[in-house]
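Visitor: Please find the sequence and the predicted model below.
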Amino acid sequence: MKSLKIKLPVGQAFFQAVLWLLVFCVAIEAFARTSAGRNFFQYESYGSSHPHFDPQVIRIKAREVQDGQIDCIILGDSQVLYGIDPTIVEQAYFDSTGNTIHCQNFGLGGLKPITAYPLAKLLIKNFHPAVIVFGTDLFDYTAVQAGSDASIMSSPWVKYQLDDFSADGWLIENSNSYRSYLGADRYLLNGEENANHIEVNGHSLKFSEKTNMSQQEQVDYFDSLLDRPEITGEQLDGLHELLALNSAETKIVLFETPVDPIFFTLQKFAYNRKVYPDFRNMLENEAAYVNTDLWLTQETIQIPTDGWYDIVHFNKVGSEYFSRLLGEHLSGITFRVTGVVWCGVGGGGGGGAPPRSENLYDCPRDPSLRSG
Amino acid sequence: MIQMTDLFSKLSITSNGFFVFVLLTLGIYYLVPKKAQNYVLLIASYLFCFTWDWTFATILFASSIVNYWVALKLDKAEDSAKTRWVWIGVAANLGVLLFYKYFDQTSVYFFKALLRIGLTNELLILDLLQPIGISFYTLQAISYLVDVYRKQIPANHSFVEVSLYLGYFPKLLAGPIERAQNFFKQLQADVEIGNDQLVESFIKIFVGLVRKLVISETIVRMIPLGVFAAPQKYSMPDLLFWWLTFAFVIYNDFAGYTSIARGVSGLFGIQLSPNFEQPFFSTSYIDFWNRWHISLSNWLRDYIYLPVSRAMLRRNPSGRYWPNLVIPPLVTMIVSGIWHGAAPHFILWGALNGLLQGYERVQKMFAKKTSIPLPRWRQISNIVVTLLILILINAPFKMDFTQTLAFWSGLFRWGIIQTLSIHQIIKPILAIGLSFFIDVMQLPAKDELGLLRLSKPAKVFLLTVGLLLLFLSTRQAAVAPFIYQEF
């Protein structure tokens, strides 16, 4: 009853349009790769709707270009993002050991161990750090904040980096113009407010003073974020997987991000007083299992009383205090690259092959590449 | 890698899986002997339905059997028995629709009342899944039975054709609501698909995809969360801007769906009815409803409005008796509201639109008759005022009763503008501009084929831009379901 009678050629306008589109894409990509193009396209995105993910990826990439190598990445949630200043960590490390390291904060609000694991894999694959320092606390295992994690893992680029191929992921990885388009699109959606407060080293100074919320409001707010006062298996599995990445190439180090002791007065904890000791034991067991370093801080260090932004996050005072302690603590940990390392440009002086070293931190660095 | 099960899971007509499915079906459709073509379409339609849920296909099959059988009974029955059979058929169709679409929605109110007076201590919610397209194919089934009852068409003796009339996959999700006479004729006709038909179908699909993916989806992503859920928190500029933009979301979402469905169906040699004729250029409320969701408006006109009108005229035949002018559109639009959903805000939406139409009829009756056309500025101001009033009174279409009241009162509240920074309004404004551009292009012939009438360079340029926009839009997050698919 119905028959097809198509005479070729058909759809010439369409095929011409496809051709023009290809020409346009090639031209725009070529332009985006020039320095003029890089100046013209101001924004960049890696396809995640997480407010901190794009700025953090952009900053760590810029830092790698600037310093040649990222030695340590401090990974964690908002407590890390707002609370750890890598410049102070680097300084404290240098003061203790005389060696220079380059540390980058990769804190993302709401990051949980289940997502920290794939992210750590991505960071190791792309930046080959000697150490990943993961900051965690009881809140990571008890709170309901799945939204942040989902927005990170939904990025096609993250998936692509974790060997889940997609055209989108490939384009984000390889096309400057596509990243710029996504960045402009994101700017039109959110504006710039999420990126501006994050420094080149990945640390945010947004929580520099003290919150306007009263202590009771804070207690009520964080209480509402808690699911139940029990450690969830899913997050525990995430931590387990993360620690399993510990290797001779990249050491995974664990530290506890302290909270104001008032945090433990949250109503939901009243139902299970044992939850904190359980959490501490769990961390100790996990760290011992992969024979890595664990720094428990909640009961061993005293944060200055004016060092809190709220009952969970440090302000500038607390951040400076704790970052110094973290740097000093790192100085006591062995996280050297055990293989032969070729030192970077300018390391050996003169011509020929650069000097070889058994120790990454013995390699002299080119002062012009230093961040200062 | 994409799994085959993911590709063909819940086929939406903008998904990659759907277009693979259409290509496969087309290949088989034109390869099999002509007598088997309708069988291919039927099998494809049921496979399409199966990808959503096997129970949906079962319900559709049961509905096809009942309507096929009742229509045959109607055809053979004596006049005295015909009325009984038509009521049985209509009741069976409405019964299924009421059960699946309205039971959970309405039982909440019923059981809450029982709870209040202490006659029960729990709510009975069945958590029924609403079968896809049930609102649309139920109306088609009713119109088929009524047309057979009225002897406007004979009962169709082919079960395949009746089943296809209800379940034909390009129109299954959200129409257009076809008439049996037109649809059966096309199933039986010998049609040759040449270059022109192929290009026309392609343009319809292309324009539909641009409307849905580029315009509607772009605006939807920009609308701030909570602006319609908690309108009391926003001030007039925020509410007004986002509600106006949402009108373009609904329009382009549904017009986009219809255009794709018509394009895909055209590839099989079956022309589905148009649903839109540039409704945002309407000069009056009645004009708007003749240009918006035309297939539903026509159905409501033939099976609700005209019977009510006739009944009213039988009681009082005066043309100047105002209830004759107000009650038929009011009843029709309230039925339309209930068809959209059982919630009270849909009834409010229908009543307001019905009253507007009634008011316009009464106004026209008393207006001086003149043959002088309105000056251009009056025509344009009529279009703008009509559009604004319609958009504002249509708030209950999206918001529940309390939200609607908060929205309307918010229109008189001037406060801090929260969501209208320059960067936030650029994309919606560009998308609305594109929507108007497409409408203007389609206006002369009132169809989706305006692009075809342009010069070749203009055509190539617009196709290039459209393809680029589509490419960028389809790279985004998951596409929201079509709004009318939910009804």
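Guide: Happy to help now that I have it. Numbers count the residues shown, from 1 in each chain, chains lettered A, B, ... in the order given.
Visitor: Export the strand or helix carrying B:Phe18 to CSV, keeping only CA atoms.
Guide: Assessed by DSSP states H and E, B:Phe18 sits inside helix B:16-31. C-alpha atoms of helix B:16-31 as CSV (Å, rounded to 0.1, in the frame of the first residue of the first chain):
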residue,chain,number,x,y,z
ASN,B,16,18.8,7.9,19.9
GLY,B,17,17.1,4.6,20.5
PHE,B,18,13.9,5.9,19.0
PHE,B,19,15.5,7.0,15.8
VAL,B,20,17.3,3.6,15.5
PHE,B,21,13.9,2.0,16.1
VAL,B,22,12.3,4.1,13.4
LEU,B,23,15.0,3.3,10.9
LEU,B,24,14.7,-0.5,11.6
THR,B,25,10.9,-0.3,11.3
LEU,B,26,11.1,1.7,8.1
GLY,B,27,13.5,-0.8,6.6
ILE,B,28,11.2,-3.7,7.3
TYR,B,29,8.0,-1.7,6.4
TYR,B,30,9.2,-1.0,2.9
LEU,B,31,10.7,-4.5,2.4
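Visitor: which of the residues in the helix or strand following that helix are buried?
Guide: Next along the chain after helix B:16-31, taking DSSP H and E as the criterion, comes helix B:37-50. Buried residues in helix B:37-50, counted by 16 or more other CB atoms under 10 Å in any protein chain shown: B:Gln37, B:Asn38, B:Val40, B:Leu41, B:Leu42, B:Ala44, B:Ser45, B:Tyr46, B:Leu47, B:Phe48, B:Cys49. In this view, the C-beta of every residue, glycine as well, is placed from N, C-alpha and C.
Visitor: Which strands or helices does helix B:37-50 pack on?
Guide: Using 3 or more CB pairs under 8 Å, 6 or more residues apart in numbering or on different chains; DSSP states H and E, the elements in contact with helix B:37-50 are helix B:16-31, helix B:54-76, helix B:159-167, helix B:169-172.
Visitor: Now do the helix or strand following the last one against helix B:159-167, angle only.
Guide: Proceeding C-terminally, helix B:169-172 gives way to helix B:180-188 as the next helix or strand, assigned by DSSP H and E. Interaxial angle of helix B:180-188 relative to helix B:159-167 (axes from the mean of the first three to the mean of the last three CA atoms, to 10 degrees): 120 degrees.
Visitor: what does the stretch 1-150 of chain B put close to chain A?
Guide: Taking CB under 8 Å from any CB of the partner chain, the part of the stretch 1-150 of chain B that reaches chain A is made up of B:Met1, B:Tyr29, B:Tyr30, B:Lys34, B:Lys35, B:Gln37, B:Asn38.
Visitor: Lowest-confidence member of the residues you listed, which is it?
Guide: When the residues of the stretch 1-150 of chain B next to chain A are sorted by pLDDT, the bottom entry is B:Met1 at 42.
Visitor: So which residues of the stretch 1-150 of chain A form strands?
Guide: Residue ranges of the strands in the stretch 1-150 of chain A, as given by DSSP state E, counting those that start in this stretch, are A:2-4, A:72-76, A:103-107, A:131-136.
Visitor: picking that back up, pick the one among the buried residues of helix B:37-50 closest to chain A.
Guide: Of all the buried residues of helix B:37-50, chain A sits closest to B:Gln37, with 5.8 Å by CB to the nearest CB.
Visitor: Any idea how far the helix holding B:Phe18 is from the middle of the chain?
Guide: Put simply, helix B:16-31 sits 25 Å off its chain's centre (CA atoms, centre = their mean, to the nearest Å).
Visitor: Ok, stretch A:34-41 next?
Guide: 26 Å.
Visitor: do the longest helix along chain B and chain A meet?
Guide: Criterion DSSP state H: the longest helix present in chain B is helix B:236-267. No. Under the criterion of CB under 8 Å from any CB, helix B:236-267 makes no contact with chain A; the nearest approach is 9.3 Å.
Visitor: Spit out the contact partners of the closest residue to B:Thr283 other than its chain neighbours.
Guide: Excluding its sequence neighbours, the residue lying closest to B:Thr283 (CB to CB, 6 or more residues apart in numbering or on different chains) is B:Asn382, at 4.7 Å. Neighbour list for B:Asn382: B:Thr283, B:Ser284, B:Leu374 [criterion: CB atoms under 8 Å, 6 or more residues apart in numbering or on different chains].
Visitor: between the residues you listed, which is closest to B:Leu166?
Guide: Closest approach between the contacts of B:Asn382 and B:Leu166, by CB to CB: B:Ser284, at 34.5 Å.
Visitor: residues near that closest one, how many?
Guide: B:Ser284: 18 surrounding residues under other CB atoms under 10 Å in any protein chain shown.
Visitor: OK, contacts around A:Lys159?
Guide: Residues near A:Lys159 by CB under 8 Å, 6+ apart: A:Met153, A:Ser166, A:Gly169.
Visitor: Please identify the most buried of the strands of the stretch 1-150 of chain A.
Guide: strand A:103-107 (a mean of 28; mean count of other CB atoms under 10 Å in any protein chain shown).
Visitor: who does that one pair up with?
Guide: According to DSSP bridges, strand A:103-107 forms sheet pairs with strand A:72-76 (parallel).
Visitor: Report the angle between the partner strand and strand A:131-136.
Guide: When the same axes, to 10 degrees is applied, the directions of strand A:72-76 and strand A:131-136 differ by 20 degrees.
Visitor: Give me the mean pLDDT for strand A:72-76.
Guide: 95.
Visitor: Show me the helices in the stretch 251-400 of chain B, by range?
Guide: For the stretch 251-400 of chain B, the helices defined by DSSP state H, counting those that start in this stretch cover B:285-291, B:294-300, B:306-315, B:322-340, B:344-366, B:376-393.
Visitor: Kindly apply the preceding question to the stretch 1-150 of chain A instead.
Guide: A:12-32, A:35-40, A:53-67, A:78-83, A:86-97, A:113-127, A:139-142, A:146-153.
Visitor: so which of those helices gets nearest chain B?
Guide: Among those, helix A:12-32 comes nearest to chain B, with 3.5 Å by CB to the nearest CB.
Visitor: So which elements touch that closest one?
Guide: helix A:35-40, helix A:176-190, helix B:456-474.
Visitor: For chain B, tell me whether the second one is touching it.
Guide: Yes. Among the residues of helix A:176-190, A:Tyr181, A:Tyr187, A:Leu188, A:Leu189 lie within reach of chain B under CB under 8 Å from any CB.
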